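J.: My questions are about this predicted structure, shown below with the sequence.
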Amino acid sequence: MAYNYILSCESTIDMPFSYTVKRDISVLFYSYMMDGIEYEDDMLRDEKALDAFYRRIDEGKMPSTSQINEYRYAEYFTELLKKGDVLHIAFGSGMTPSVVNAKNAAKKLETKFPDRKLIVVDSLCSSSGYGLLVDEAADMRDKGASMEKVAEWTLSKNESIHHSFFSTDFTMFRRSGRVSGAAAVLGTILGICPLMHLNLAGKIVAYGKTRGKKAAVKAVVREMTEHAENGCGYSGKCFISHSHCSEEAEMTKLAIEEAFPNVKAQIFEIGTIIASHCGKGTVAVFFHGDQRTE
């Protein structure tokens with residue numbers, strides 16, 4: 001299908017690269033460092049890459065990530081602008097300051113491409129919540145919406161896509177220093193699951209904890225009931241992402257579809273960039289709802 005503009009995003013949408021190819025969405029890839037080696041975010045292009053990533057973590061190696069610099073954005077945007085106008089939906093500023101570099105690069109390219117339009121939008125989202133926003137932007141584009149209309153819609157929705165998640169593994173929290181070794185051991189023994197969500201600014205906020213995975217799933221479903229559009233009558237898209245814990249993701253999917261009869265949730269794997277910070281054992285749920293709180 002021919003479009004009047006190019007829709008673009010970053011690899012942290014935590015959806016397979018095959019999806020972006022099928023939907024005709026351009027992608028700028030993040031990368032991470034581990035043991036002195038730089039790896040590009042794979043987006044499941046290599047079915048073995050994610051397992052290799054977790055295996056290196058199990059061996060005690062710590063991944064690190066960094067923002068995309070202005071030069072990299074300018075290089076990426078330049079190639080797209082040679083082909084047409086561009087709407088770039090960026091990884092949320094609550095997660096990384098990269099979007100500032102994207103906007104600076106876009107500003108500097110105005111004189112180089114005076115006949116092209118380049119709009120950069122801050123998604124204020126992360127992982128498959130970011131993916132949900134991009135997915136629906138692609139739906140609008142496919143129905144003929146203009147670049148400006150899609151950008152306007154994105155800005156009207158980026159504060160109301162909820163990100164509700166829990167973790168069942170303290171490994172990365174302990175290694176990063178966010179949780180002490182003793183607290184991590186005790187939490188593991190007791191089966192404690194921290195509950196978190198994104199606030200209005202797109203930053204992670206811990207709001208509670210449960211004892212056991214089943215209780216964590218119930219807490220996520222309860223939060224969705226309280227905040228989803230039309231409550232349990234919600235009929236919009238619902239994405240679930242997980243980091244190497246498909247059983248818990250399936251458990252969450254079943255619980256959501258039981259509580260929300262009009263929902264058919266989709267499950268995705270968390271990619272290497274987000275997993276560099278959360279590690280194994282995280283399950284996240286994304287849906288449209290009321291405006292997120294401070």
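T.: All right, it came through fine.
J.: need the strands for the stretch 101-250 of the chain, in chain order.
T.: With DSSP state E, counting those that start in this stretch as the criterion, the stretch 101-250 of the chain has strands at 118-122, 161-167, 192-198, 204-211, 238-242.
J.: now the last one and strand 161-167, what's the angle there?
T.: Just to be clear, that refers to strand 238-242. Calculated by axes from the mean of the first three to the mean of the last three C-alpha atoms, to 10 degrees, strand 238-242 forms an angle of 30 degrees with strand 161-167.
J.: what do you get for the first one?
T.: Here strand 118-122 runs at 50 degrees with respect to strand 161-167, directions being taken by the same axes, to 10 degrees.
J.: any residues touching strand 118-122, and which ones?
T.: By C-beta atoms under 8 Å, 6 or more residues apart in numbering, the surrounding residues in contact with strand 118-122 are 77, 81, 85-90, 92-93, 99, 102-103, 106, 109-110, 147-148, 151, 154-155, 158. Quick note: C-beta positions are derived from backbone N, CA and C, even for glycine.
J.: cool, and the fourth one?
T.: Where contact means C-beta under 8 Å, 6+ apart, the residues beyond strand 204-211 that reach it are 94, 166, 190-199, 216, 218-219.
J.: chain center to it: distance?
T.: 19 Å (C-alpha atoms, centre = their mean, to the nearest Å).
J.: Can you show me the helices along this protein?
T.: 17-23, 49-58, 70-81, 98-108, 127-142, 147-157, 171-175, 181-190, 213-227, 246-259, 272-278 (DSSP state H).
J.: Distance to residue 36, mean neighbour count and mean pLDDT for those helices - can I get that in JSON lines?
T.: Shown next, in JSON lines, are the helices of the chain (distance: least, C-beta to C-beta, whole Å; neighbours: other C-beta atoms under 10 Å; pLDDT from 0 to 100):
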{"stretch": "helix 17-23", "distance to residue 36": "26", "mean neighbour count": "15", "mean pLDDT": "96"}
{"stretch": "helix 49-58", "distance to residue 36": "12", "mean neighbour count": "15", "mean pLDDT": "92"}
{"stretch": "helix 70-81", "distance to residue 36": "20", "mean neighbour count": "17", "mean pLDDT": "98"}
{"stretch": "helix 98-108", "distance to residue 36": "23", "mean neighbour count": "20", "mean pLDDT": "97"}
{"stretch": "helix 127-142", "distance to residue 36": "27", "mean neighbour count": "23", "mean pLDDT": "97"}
{"stretch": "helix 147-157", "distance to residue 36": "38", "mean neighbour count": "16", "mean pLDDT": "97"}
{"stretch": "helix 171-175", "distance to residue 36": "17", "mean neighbour count": "19", "mean pLDDT": "56"}
{"stretch": "helix 181-190", "distance to residue 36": "25", "mean neighbour count": "13", "mean pLDDT": "43"}
{"stretch": "helix 213-227", "distance to residue 36": "36", "mean neighbour count": "18", "mean pLDDT": "95"}
{"stretch": "helix 246-259", "distance to residue 36": "31", "mean neighbour count": "17", "mean pLDDT": "97"}
{"stretch": "helix 272-278", "distance to residue 36": "15", "mean neighbour count": "24", "mean pLDDT": "91"}
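J.: between these, which one is nearest to residue 32?
T.: Closest to residue 32 of the helices of the chain is helix 272-278 (C-beta to C-beta; 5.1 Å).
J.: Let me see the domain layout of this structure.
T.: The chain breaks down by automatic domain parsing into domains covering 5-30+68-157, 161-288.
J.: looking at the ones you listed, which is closest to residue 53?
T.: Residue 53 lies closest to domain 161-288 among the domains of the chain, at 5.1 Å (C-beta to C-beta).
J.: For that closest one, measure first residue to last.
T.: 5 Å (C-alpha to C-alpha, to the nearest Å).
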